[in-house]
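*Asks:* Structural data only, the sequence is not supplied:
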DNA sequence: TCCTACATTGGACAAAGTCCAAGTCAATGC
DNA sequence: GCATTGACTTGGACTTTGTCCAATGTAGGA
């Protein structure tokens, strides 16, 4: 555990957000100015491997990193401003995929992204 | 309707696949050598706006374009080789999101991506 | 203390996509 | 028929996001 890794972990722990790698880097730099982008990417990759952090692909631009890895959840994204909320739908989407629709795959995971317009953007 | 746009439409119509923009461009070039990447991007963007084609973000790299826009469906992706299959789960994920979990959003759409390992990769 | 292995750094590189000025082309109006 | 107009296309420059690599730094054990 080096200073750099601690800083990355702190950035993600600090608030429950969905940051891009660049945003993580920007916040890490604020705490440890000489940290490099490569280290941030390395550390994020390790956190993902360890299962401490999830990668989410809610928009089609940058990956986002979600520290809320220990509680299963899905995401609700505003189509206009990009705001992301964690949501907990009822039901289990995995159970909704009949074996006839699995084509022999071993299905292990499901990612659900709801899209809509948030209240702020709707009134604006 | 120009020759360039027709070629892009043909590439997507021809087979039921999930191509990246670059793959669309490569196939379009085979039919019309001087077509440029910018035109392919423009045309894909227009097709998406018209609702003729869907963008899907199954992997976190390039967007893929799915011409099967008129029948709602979701995707099953192999975590190893990236193969994508269209699937039709039972149930309606939109109905599984209670209003208490909508945070005032107007939710209009949901994208479900199942992940697993395809039979080919499982035996390899 | 010295060594070794690993972490970090900065910069080059690559992939995916956007933007823009300039060129092309067809239709319209005169 | 010819010029004008406007939309479409082109190629290249540029941006963003991410990866790779050689060189450097550093922590901890022998």
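*Replies:* Yes, it's here. Everything numeric here is computed off the predicted structure, so don't read it as measured data.
*Asks:* give me the number of residues near residue A:80?
*Replies:* Neighbourhood size, residue A:80 [other CB atoms under 10 Å in any protein chain shown]: 13. Just so you know, the C-beta spots here come from the backbone N, C-alpha and C atoms, and that holds for glycine as well.
*Asks:* next one: the one 10 residues further on
*Replies:* Residue A:90 sits with 9 neighbouring residues when counted by other CB under 10 Å.
*Asks:* Make sure it is actually in contact with residue B:98.
*Replies:* Yes - Residue A:90 lies in contact with residue B:98 (CB atoms under 8 Å); the separation is 6.4 Å.
*Asks:* contacts for stretch A:62-70?
*Replies:* Residues outside stretch A:62-70 that contact it (CB atoms under 8 Å, 6 or more residues apart in numbering or on different chains): A:12-13, A:16, A:18-22, A:24, A:44, A:47-48, A:51-58, A:84, A:86, B:60.
*Asks:* let's go with 7 Å and repeat that
*Replies:* Stretch A:62-70 is contacted by residues A:12-13, A:16, A:18-22, A:24, A:44, A:51-58, A:86, B:60 when judged by CB atoms under 7 Å, 6 or more residues apart in numbering or on different chains.
*Asks:* next one: stretch A:6-26
*Replies:* Residues outside stretch A:6-26 that contact it (CB under 7 Å, 6+ apart) are A:27-28, A:31-32, A:35, A:37, A:40-41, A:43-44, A:53, A:56, A:62-68, A:84.
*Asks:* what about 8 Å?
*Replies:* Outside stretch A:6-26, the residues within contact range by CB under 8 Å, 6+ apart are A:27-28, A:31-32, A:35, A:37, A:39-41, A:43-44, A:47, A:53, A:56, A:58, A:61-68, A:75, A:84, A:86.
*Asks:* ditto for stretch A:28-35
*Replies:* A:3, A:4, A:7, A:8, A:10, A:11, A:25, A:40.
*Asks:* Which members of those are classed as buried?
*Replies:* By neighbour count, with 16 or more other CB atoms under 10 Å in any protein chain shown, the contacts of stretch A:28-35 hold A:4, A:7, A:8, A:11, A:25, A:40 as buried.
*Asks:* Of those residues, which ones also sit close to DNA strand C?
*Replies:* Among the buried ones among the contacts of stretch A:28-35, the residues that sit close to DNA strand C (CB under 7 Å from any atom of the strand) are residue A:4.
*Asks:* From the buried ones among the contacts of stretch A:28-35, pick the one nearest chain B.
*Replies:* residue A:40 (16.6 Å; CB to the nearest CB).
*Asks:* Contact partners for that closest one?
*Replies:* Contact analysis of residue A:40 by CB under 8 Å, 6+ apart lists A:8, A:21, A:24, A:25, A:28.
*Asks:* pLDDT below threshold where in chain A?
*Replies:* A:14-15 (pLDDT under 70).
*Asks:* And the strands in it, which stretches?
*Replies:* For chain A, the strands defined by DSSP state E occupy A:19-20, A:54-56, A:64-66, A:74-78, A:84-87, A:106-117.
*Asks:* Please identify the pairing partners of the fifth one and their relative orientation?
*Replies:* When pairs are called by DSSP bridges, strand A:84-87 turns out to pair with strand A:74-78 (antiparallel).
*Asks:* For the helix ranked longest in chain A, buried residues please.
*Replies:* Across chain A, the helix with the greatest residue count (assigned by DSSP state H) is helix A:37-50. For helix A:37-50, a neighbour-count test (16+ other CB under 10 Å) marks A:39, A:40, A:43, A:44, A:47, A:48 as buried.
*Asks:* Alright, I will stop here.
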